[in-house]
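Novice: mind folding the following:
(2 chains)
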Amino acid sequence: MAKTLFDKIWDAHVVSGREGFPDTLYIDTHFIHEVTSPQAFDGLRKRGIPVFRPAQTVATTDHNVPTLNQHLPIKEELSRRQIDMLSTNCQEFGIELFGLGHPYQGIVHVMGPELGITLPGSTIVCGDSHTSTHGAFGAIAFGIGTSQVELVLATQCLLQQKPKRMKIEVNGQLGVGVSAKDIILYIISQLSAAGGTGYFVEYAGNAIQNLSMEGRMTICNMSIEMGARGGLIAPDETTFKYIKGRKFAPKGADWDKALAYWKTLYSDVDALFDKILRFNAADITPMITYGTNPGMGMGIDELIPLAATQEVGEQASHQKALNYMGLKEGTPLLNKPIDYVFIGSCTNSRIEDLREVARLVKGRHKADQVTVWIVPGSKMVQQQAITEGLDKIFEAAGFELREPGCSACLGMNEDKIPAGKYCVSTSNRNFEGRQGPDSRTFLVSPLTAVATAITGKITDVRSLLS
Amino acid sequence: MATKIFKNLVSKMVPLAIENIDTDQIIPARFLKATTREGFGENLFRDWRYDTHGQPKYDFVLNQDVYSGSILVAGKNFGCGSSREHAAWALLDYGFEVVISSFFADIFKGNALNNGLLPVQVSDGFLDRLFHEVSKNAGLKLEVDLQEQFVRIAGTSTMEYFEINPYKKACLLNGYDDIDYVLSQRDLIESYERKKYLSKNL
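Specialist: Down below sits the predicted model:
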């Protein structure tokens, strides 16, 4: 029977399933971090049971780490205690930790792929909703809550209902200045923040296939922002080339065997999806969000939609969002002065993002009134940026290159956008207060972020490229 | 280990007619530094409940004495965004036992069920009716029956049935625990691992 890529991977991981019960799904790789794991380890202690497969569990610190002076003790007591607790737990339960100071430390969804831990055909979970990022390699990857983290630690399995399958095809040529981030912001704006709920999405079409692995990760990363359980892309030569030779990737005969299997991972021609959507890449322009969920996005040169054009039930939320943002319907965002630019997060903090930023800003300087933070996704990204001399370009431009972590994406550490200030951000969420109490976020691509940093106001990157 | 049991409930409602309430609103990230499950209720809806000086905002429903009870009624797509289970812990810690909405985000729904907080999904029409009725009479009580899977405005015939996964229903009614259930399949898990190892589909 013809199967989707999703079904092939899912079915290969079902340990048991019976009518009326969720499937017991085997998990190949479990990533953990400091924020959503302590209560899970506590649970194991209370039960008096070990971690079932510690070798399949990988830990890092990312959400709550400072991005300056990581070599010094963490000043904030609660943060320090939480990070120390992860070390203690990993030691006690025999789990490998890439903690602060380790050359592999980084945002879990940047670190996993760059070390070759994320592999096609595998099941991957983490107590973080952006785990969908790993789907870019043709894996089933999704975020879970802490009770489920405990379940996976205890059994290496999860109980899951099989979600519905959706295919989103994007075909055609992307315009100048349009990147993977714009594709996904466009898709979410078309589907809304809830349009993918209950589905696992496969992204396909030549505009997706033409993307680098970094671009594909950006797309899959934001699947959760339309409510989807996750997103994945069939692995191909681009995928295999990216993985080959990475630290923990299979080697020698194991590589050959794995590769032969990975090549079977695609949706069969006749496979059935519950829903199929098609978009034309040529319709996508540089995107920006104007509201307080990632579905509230538009082309950067458009006007903020009128409340009257929204569905009746959505009009109050639309107005509430604009009030929070201090914006008016029917007005443009172009040329709006901004205060902060944040380039980072598991969506856009990879070496390719930093190279793109450097290429555009080289020989230019940020506007005086704007603070620009670049927070690399991992220690390896930071090191690579320095090796390539990107740090010098950033410094000359007045951009501050910090140390790796989740940082101002969620403002859990001290990297917060002050109340009332506007931040143009390459992250994934523009929720109220996400980047700090009463902060106001515009989500954009790295290119748009740089263009805006240079002029100090919201700028269409195409005006700098032509 | 037994988890919290839920069978049925009769309670007043707290209406929060806002759509797409994300888990960052339910519990902002800066309060996620605690390493236990307790105490998050204090900061439930923190930035909607209090201003930056820590003073209550009286236009927010949790600060209005007229509304109380352990049922939160919220706009559609409740619990979207971050997977933080702290959101479910905060709602429970505050005293909610049921959340009613016309649509729940997947991860939140799972987290709620795993903690004995019952997410009840009703139709858009029924949700509107609840908002309308409670705005006229804040003392109105709602009856939630998990065994029979219905929610009813107490003392009236206004009711709706709701869906719930039969496995999760059994867990809530009896206090069963996922970990006990999956650990009971240990032989199956180990035999799956052996097969997988032999096939080298890593």
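Novice: how does chain A divide up, domain by domain?
Specialist: Domain assignment of chain A by automatic domain parsing yields the ranges A:1-285, A:309-465.
Novice: can you list the weak-confidence ranges in the chain?
Specialist: I went with chain A, as the question did not name one. Flagging of chain A using pLDDT under 70 yields the residue ranges A:466.
Novice: hm, I was asking about chain B
Specialist: Across chain B, the ranges flagged by pLDDT under 70 are B:1-2, B:200-202.
Novice: and the helices in it?
Specialist: B:23-26, B:46-49, B:86-94, B:106-113, B:124-136, B:166-174, B:178-183, B:186-199 (DSSP state H).
Novice: redo these as a markdown table? Include mean neighbour count.
Specialist: In short, each C-beta sits where N, CA and C put it, glycine included. Putting the helices of chain B into a markdown table (neighbours: other C-beta atoms under 10 Å in any protein chain shown) gives the following:
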| stretch | mean neighbour count |
| --- | --- |
| helix B:23-26 | 26 |
| helix B:46-49 | 18 |
| helix B:86-94 | 25 |
| helix B:106-113 | 26 |
| helix B:124-136 | 16 |
| helix B:166-174 | 17 |
| helix B:178-183 | 20 |
| helix B:186-199 | 13 |
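Novice: who wins for proximity to A:Gly20 among the ones you listed?
Specialist: Checking these against A:Gly20 by C-beta to C-beta gives helix B:166-174 as the closest, at 4.6 Å.
Novice: wait, A:Met287 touches A:Ile458, no?
Specialist: No - assessed by C-beta atoms under 8 Å, A:Met287 is found out of contact with A:Ile458, at 11.9 Å.
Novice: shared neighbours of the two, anything?
Specialist: A:Ile300 (C-beta atoms under 8 Å, 6 or more residues apart in numbering or on different chains).
Novice: any idea which element A:Cys220 lies in?
Specialist: Using DSSP states H and E, A:Cys220 sits in helix A:213-221.
Novice: reformat the domains of chain A as JSON lines; add distance to B:Pro119.
Specialist: Shown next, in JSON lines, are the domains of chain A (distance: least, C-beta to C-beta, whole Å):
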{"stretch": "domain A:1-285", "distance to B:Pro119": "13"}
{"stretch": "domain A:309-465", "distance to B:Pro119": "20"}
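Novice: let me have those in TSV, extended by mean neighbour count.
Specialist: Compiled in TSV, the domains of chain A are given as follows (neighbours: other C-beta under 10 Å):
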stretch	mean neighbour count
domain A:1-285	21
domain A:309-465	21
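Novice: using a markdown table, lay out those together with distance to chain B.
Specialist: Putting these into a markdown table (distance: least, C-beta to the nearest C-beta, whole Å) gives the following:
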| stretch | distance to chain B |
| --- | --- |
| domain A:1-285 | 4 |
| domain A:309-465 | 4 |
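Novice: just to revisit the earlier point, how far away from the center of its chain is the helix holding A:Cys220?
Specialist: Centroid displacement of helix A:213-221 relative to its chain, using C-alpha atoms, centre = their mean, to the nearest Å, is 8 Å.
Novice: helix or strand right after that helix?
Specialist: strand A:230-232.
Novice: include distance to chain A when you put the helices of chain B into a markdown table, please.
Specialist: Below are these laid out as a markdown table (distance: least, C-beta to the nearest C-beta, whole Å):
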| stretch | distance to chain A |
| --- | --- |
| helix B:23-26 | 4 |
| helix B:46-49 | 5 |
| helix B:86-94 | 7 |
| helix B:106-113 | 4 |
| helix B:124-136 | 7 |
| helix B:166-174 | 5 |
| helix B:178-183 | 4 |
| helix B:186-199 | 5 |
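Novice: redo those as CSV? Include distance to A:Val14.
Specialist: What follows is these, written out as CSV (distance: least, C-beta to C-beta, whole Å):
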stretch, distance to A:Val14
helix B:23-26, 29
helix B:46-49, 41
helix B:86-94, 27
helix B:106-113, 18
helix B:124-136, 35
helix B:166-174, 15
helix B:178-183, 13
helix B:186-199, 9
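Novice: out of those, nearest to A:Ile144?
Specialist: A:Ile144 lies closest, by C-beta to C-beta, to one member of these: helix B:106-113, at 7.1 Å.
Novice: got the angle between the closest one and helix B:86-94?
Specialist: Interaxial angle of helix B:106-113 relative to helix B:86-94 (axes from the mean of the first three to the mean of the last three C-alpha atoms, to 10 degrees): 40 degrees.
Novice: what packs against helix B:106-113?
Specialist: Counting by 3 or more C-beta pairs under 8 Å, 6 or more residues apart in numbering or on different chains; DSSP states H and E, the packing neighbours recorded for helix B:106-113 are helix A:146-155, helix B:86-94, strand B:118-121, helix B:166-174.
Novice: wait, which of those is closest to A:Ala408?
Specialist: Taking C-beta to C-beta, helix B:86-94 is the member of the helices and strands packed on helix B:106-113 nearest to A:Ala408, at 19.9 Å.
Novice: for chain A, longest helix please?
Specialist: Taking DSSP H as the criterion, chain A has its longest helix at helix A:77-93.
Novice: rewinding a little: among the helices and strands packed on helix B:106-113, which is nearest A:Lys181?
Specialist: When these are compared by C-beta to C-beta, helix B:86-94 sits nearest A:Lys181, at 26.7 Å.
Novice: from the rest of the structure, what touches that closest one?
Specialist: By C-beta under 8 Å, 6+ apart, the residues outside helix B:86-94 that reach it are A:145-146, B:4, B:23, B:26-27, B:31-32, B:37-44, B:62, B:72, B:79, B:99, B:108, B:111-112, B:114-117.
Novice: A:Val444: which of the helices of chain B is closest?
Specialist: Per C-beta to C-beta, nearest to A:Val444 of the helices of chain B: helix B:23-26, 19.3 Å.
Novice: OK, contacts around residue 155?
Specialist: Using chain A here. By C-beta under 8 Å, 6+ apart, the contact set of A:Thr155 is A:52, B:179, B:182-183, B:185-186, B:189.
Novice: I was thinking of chain B, sorry if that wasn't clear
Specialist: By C-beta under 8 Å, 6+ apart, the residues touching B:Gly155 are B:Lys141.
Novice: ok so, going back, select from the contacts of helix B:86-94 every entry located in strands.
Specialist: Among those, the residues falling in strands (DSSP state E) are B:72, B:99.
Novice: show the buried residues in the contacts of helix B:86-94.
Specialist: A:145-146, B:23, B:26-27, B:31-32, B:37, B:40, B:43-44, B:62, B:72, B:79, B:99, B:108, B:111-112, B:114-117 (16 or more other C-beta atoms under 10 Å in any protein chain shown).
Novice: and residue 4, what does it touch?
Specialist: Using chain A here. Applying C-beta under 8 Å, 6+ apart to A:Thr4 gives the contacts A:165, A:167, A:202, A:267-268, A:271-273.
Novice: wrong chain, I was asking about chain B
Specialist: Residues near B:Lys4 by C-beta under 8 Å, 6+ apart: B:92, B:115-116, B:175.
Novice: I'd like the distance between it and chain A.
Specialist: Look at B:Lys4 and chain A: by C-beta to the nearest C-beta, to the nearest Å, they are 12 Å apart.
Novice: next up, phi/psi of that residue, please.
Specialist: The phi/psi pair for B:Lys4 (degrees, to the nearest 10) reads phi -60, psi 130.
Novice: would you mind measuring from it to B:Glu148?
Specialist: 20 Å (C-beta to C-beta, to the nearest Å).
Novice: what does A:Arg402 give?
Specialist: Here the criterion is C-beta to C-beta. By it, A:Arg402 lies 56 Å from B:Glu148.
Novice: try B:Gln25
Specialist: In terms of C-beta to C-beta, B:Gln25 sits 32 Å off from B:Glu148.
Novice: with A:Ile74 instead?
Specialist: Taking C-beta to C-beta, one finds A:Ile74 at 52 Å from B:Glu148.
Novice: sweet, I'm off.
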